[in-house]
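>>> need the 3D shape of this:
(2 chains)
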Amino acid sequence: MATTPKPEETAKIDHRPPLFEKGWMDKPAEIRPGIYCYGSKPKNLEYVGMPFPKEWNPENEDWHLPENWKEIIQEGFKDRLDRFRSLKLFMDICVRCGACADKCHFFIGSGDPKNMPVLRAELLRSVYRKNFTTGGKLLGKFAGGRELTEDVLKEWWYYLYQCTECRRCSLFCPYGIDTAEVTILGRELTNLLGLNTDWIAAPVANCYRTGNHLGIQPHAYKDMLEFFTDEIEDITGIRMEQDFNRKGAEILFITPSGDVFADPGTYTCMGYMMLFHYLKSLGLDITWSTYASEGGNFGYFTSHEMAKRLNAKMYAEAKRLGVKWLLGGECGHMWRVLNQYMDTFNGPPDFMEEPVSPITGTKFENAKTTKMVHIIEFTADLMKHGKLKLDPSRNDNLKVTFHDSCNPARGMGFFEEPRYVIKNVVNHFYEMPPETIREQTFCCGSGAGLNAGENMELRMRGGLPRANAVRYVHEKYGVNMLACICAIDRAVFPDLMNYWVPGVEVTGVHEMVANALVFEGEKKRTTNLRGEPLPGMEDEEDV
Amino acid sequence: MNFFLSIIFSFFAVVVVVLIPWIGVGALDLRVLFGIVIPYAAMATFFVGIVVRVIDWGRSPVPFRIPTTAGQEWSFPWIKRNRIDNPKGLGGVIMRMLFEVLTFRSLFRNTRLEYRRVNGVPKIDYEWEKWLWLAAILFHYSFLVIFLRHFRFFMEPVPAFVTLLQKLDGFMQMGAAPFNGFGLPGVYLTDMLLMAAVTWLLLRRILYSQMRYISLPADFFPLFLILSLGFTGMLMRYLLRVDVTKVKELAIGLFKFSPAVPEGIGVIFYIHLFILCVLIAYFPFSKLMHLAGVFLSPTRNLSNNSRFVRHVNPWNYPVPTHTYEEYEDEFRDLMIEAGLPVEKEPDATAGSEEKE
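Coordinates of the predicted model:
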């Protein structure tokens, strides 16, 4: 594994490509350790029936391409131009105005000019022009056309897997050109040749088989939640058992498996469990599933088809269990898929009912056809109706800022709900600068399947703009907690904060909710879910 | 190809575009070709080309609803939503598109990265940067006004709005024009603005290293073309006057489909006309198609309603999935051991009994 340079080294970034240089079309990509993720392993492609599984190393000359690889790409490209107006349009109308150039966190953090969104798309556009337009066929380079060679294919792979599909560039584009869409379809093309990263291919295979990215088998899934039940009992004195695969429940809850696996996501998971238990006596009838045990969708980082195949479990399990509606956990790309794709992929879920909160009676009209409600919406509604007894002072040790995850931000517009929930459970909340939050939010730098270990340098570079904004509020207001509603954020931000802004921790929103939640009959709470003393309880014996 | 080559290539391409009518009319007197045939061919290419291209885009479906949401979604009644940047229905989409097309709203958001290091620690700022937006909006609206002003050459009598526009455009420059008092006609504001805006759009491609890097010949070529179009137009108006009556005769003839080329129009007019012909004939094959494309952009022209109104993908096809039955078959024993409910008991061979 490549060693990650020190922050002072990483920070030496030059955003100005030199004046006298060969044009980008003639400069093949240099595939650098620390930036790329390992190539997909054959067993993971085989398990889901993806083509051309093989052992390969992106740093080697030979990528073991099939002989007719050019035809495969040509056919695949044409097929996608015919099926996606977005692609066709985005190939044709870019004027290279450059508005997107310095909006990409990877360009800001790396200075690599091919990380400018416009250039990332041009990598495909140049081939498109050469192969699909008259001008490009006749005039070649003079019309911006470029022959598809192995070097070009490698460059595609290298840069398509350096995009987190965060869509920040699309916000600034005068024509709404969405590089995420280009990346998604470009990755589909690389997958036609068996060229994925293993950090995506393995979770996909796992998810297909066990229902979740981490490959947690049903008994282990239950075990993990039971472990949390013990932890919660230690803290609150109340045993908060959960239900699994229970038929006839009213609601099925689905969350990213990252939440049951690693800190600090696990605390968010405990937060959900505590909330559910709290609401039980108020009429909440909810179950978890070990089969539909993944909210996220790494298939979405592979192809639309794979996204659909993995997403299918949600409705299938809802149908099998006979639930009325679905509740979804805190996750980023999960919610883009649920909002913009799920019903189109696998709907309509006629067998369910329009979601209604059993506690408040609120109809979630904005989830009328998908039948899936965001847990933040659910909780915000509970708070609005005063159904939760909260003691925000338990979070008084926290100075919180909120990171808008890219997908709920620019693929949904989910801004006020999480802020409302946070402000109900903490007393110290500070916003980062406006150019770095809400619709202009900066990516964590590790989304879209880039949260591996071997590409740590890339992740630290890509996360720099976000970290810079956190540092601003850290220095100005003493912010020590970065809240988010995304499992990948929770998994990757601790590394990013340690690297750029030591002293800032990471939390999901429901962890803070659970800390503030006052249970009837609970023992005197002395610690938070992390086992750290609550404010004012530092001297208690229990700690 | 680096940016020097791109510029040189595009520049010479435009020089050739200028030379062709200069020689063609100036030396060879091919007035019918340059005054009638080429304009008709160019116009046909323009209209047919645009229609064909738009139909071609339209033939590809929009399988998924992928608006870029730039504001709060429609949620609870007590949460204020952003109707324009995150439209829920058609009305909002129309508003969003109007703002996009008429005011370049997305471009207006533009910022400029300011990257520094203070004691080795990166400091990133996002600075005010509206120059691109300003140049773009001045360029497009000036072009529109100039285009509309040209109706005085195509229509008899001259429509009132053209006269008005002309007055407004000229009036604002009165007294301020540098040539006033030299027996020259009043300077049009839009002429100046167009040239200034296009010059800036060109200069930024040369001065900014990022712009240099991304620019292609296809970016310089239209800019040079438009600059030379404006330059020849202004030459004609302010220095090398041509016989406007005859130009109008030619133009009206063209539009009435009874073309005739009058004698004695200066060659500068044919150069101006030819540049225009090249521009519009090039249009459907170039990035200039963003004019039509922006209306079709799925990240802008769709409402964010896919959670409450079903969006249908016309080519949606069934895909293989890993069913619950397959899953249970693999993990049944472990599930039973863990006390998880199963559909089938391990020894059951036919028919299943539900275990609640």
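
>>> give me the number of residues near residue 97?
Here I'm looking at chain A. As a burial measure, residue A:97 scores 26 neighbours (other C-beta atoms under 10 Å in any protein chain shown). Using the backbone N, CA and C atoms, a C-beta is placed for each residue, glycine as well.

>>> that's the other chain; I wanted chain B
Neighbours around residue B:97, by other C-beta under 10 Å: 18.

>>> just say helix, strand or coil for it.
Following DSSP: H, G, I helix; E, B strand; the rest coil, the label given to residue B:97 is helix.

>>> for residue 113, what are its contacts?
Here I'm looking at chain A. Neighbour list for residue A:113: A:17, A:24, A:107, A:119, B:210, B:213-214 [criterion: C-beta atoms under 8 Å, 6 or more residues apart in numbering or on different chains].

>>> correction: the question concerned chain B.
With contact set as C-beta under 8 Å, 6+ apart, residue B:113 has these partners: A:15, A:102, A:108, B:124-127.

>>> sitting in helices, which of the contacts of residue A:113 do you find?
A:107, A:119, B:210, B:213-214 (DSSP state H).

>>> drop anything exposed from those.
Neighbour-count burial (16 or more other C-beta atoms under 10 Å in any protein chain shown) applied to these gives A:107, A:119, B:210, B:213-214.

>>> redo those as a markdown table? Include pLDDT.
Output for these, formatted as a markdown table (pLDDT from 0 to 100):
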| residue | pLDDT |
| --- | --- |
| A:107 | 98 |
| A:119 | 97 |
| B:210 | 94 |
| B:213 | 94 |
| B:214 | 94 |
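
>>> of these, which is the nearest to residue A:244?
The shortest approach to residue A:244 among those belongs to residue A:107, at 44.9 Å (C-beta to C-beta).

>>> dump the buried ones among the ones in helices among the contacts of residue A:113 into CSV; add distance to residue A:475 as well.
Shown next, in CSV, are those (distance: C-beta to C-beta, whole Å):
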residue, distance to residue A:475
A:107, 25
A:119, 33
B:210, 29
B:213, 34
B:214, 35
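
>>> now do the helices in the stretch 101-250 of chain B.
With helices called from DSSP state H, counting those that start in this stretch, the stretch 101-250 of chain B shows them at B:105-108, B:131-149, B:151-154, B:160-171, B:189-207, B:209-214, B:217-238, B:244-255.

>>> and the first one, anywhere near chain A?
In this case it means helix B:105-108. Yes: counting by C-beta under 8 Å from any C-beta of the partner chain, chain A has neighbours in helix B:105-108: B:106-107.

>>> for that helix, packing partners?
On a contact count with 3 or more C-beta pairs under 8 Å, 6 or more residues apart in numbering or on different chains; DSSP states H and E, helix B:105-108 meets helix A:168-172, helix B:90-103, helix B:131-149.

>>> for the last one, list the C-alpha coordinates in PDB.
Put plainly, it is helix B:131-149. Below are the C-alpha coordinates for helix B:131-149, written out as PDB (Å, rounded to 0.1, in the frame of the first residue of the first chain):
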ATOM      1  CA  TRP B 131     -17.100  38.400 -14.900                       C
ATOM      2  CA  LEU B 132     -17.900  35.200 -16.800                       C
ATOM      3  CA  TRP B 133     -21.500  35.700 -16.100                       C
ATOM      4  CA  LEU B 134     -21.400  39.300 -17.000                       C
ATOM      5  CA  ALA B 135     -19.500  38.700 -20.300                       C
ATOM      6  CA  ALA B 136     -21.900  35.900 -21.200                       C
ATOM      7  CA  ILE B 137     -25.000  37.900 -20.500                       C
ATOM      8  CA  LEU B 138     -23.700  41.000 -22.300                       C
ATOM      9  CA  PHE B 139     -22.600  39.000 -25.300                       C
ATOM     10  CA  HIS B 140     -25.900  37.100 -25.700                       C
ATOM     11  CA  TYR B 141     -28.200  40.100 -25.200                       C
ATOM     12  CA  SER B 142     -26.100  42.300 -27.400                       C
ATOM     13  CA  PHE B 143     -26.100  39.700 -30.000                       C
ATOM     14  CA  LEU B 144     -29.900  39.500 -29.700                       C
ATOM     15  CA  VAL B 145     -30.300  43.200 -30.000                       C
ATOM     16  CA  ILE B 146     -28.000  43.400 -33.000                       C
ATOM     17  CA  PHE B 147     -29.900  40.600 -34.600                       C
ATOM     18  CA  LEU B 148     -33.200  42.400 -34.100                       C
ATOM     19  CA  ARG B 149     -31.800  45.700 -35.300                       C
END
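
>>> what residues sit buried inside it?
Within helix B:131-149, the residues that qualify as buried are B:132-133, B:135-140, B:142-143, B:145-146, B:148-149, counting by 16+ other C-beta under 10 Å.

>>> what is the rounded mean pLDDT of that helix?
Helix B:131-149 carries an average pLDDT of 97.

>>> returning to that earlier point: which pair of the contacts of residue A:113 spans the longest distance?
Taking C-beta to C-beta as the measure, the contacts of residue A:113 span a maximum distance of 13.4 Å, between A:24 and A:107.

>>> and the strands in chain A, which stretches?
Secondary structure of chain A (DSSP state E): strands at A:251-254, A:286-288, A:325-328, A:372-374, A:400-403, A:481-484, A:505-508.

>>> partner strands of the fourth one and their direction?
Partners of strand A:372-374 in the sheet, by DSSP bridges, are strand A:325-328 (parallel).
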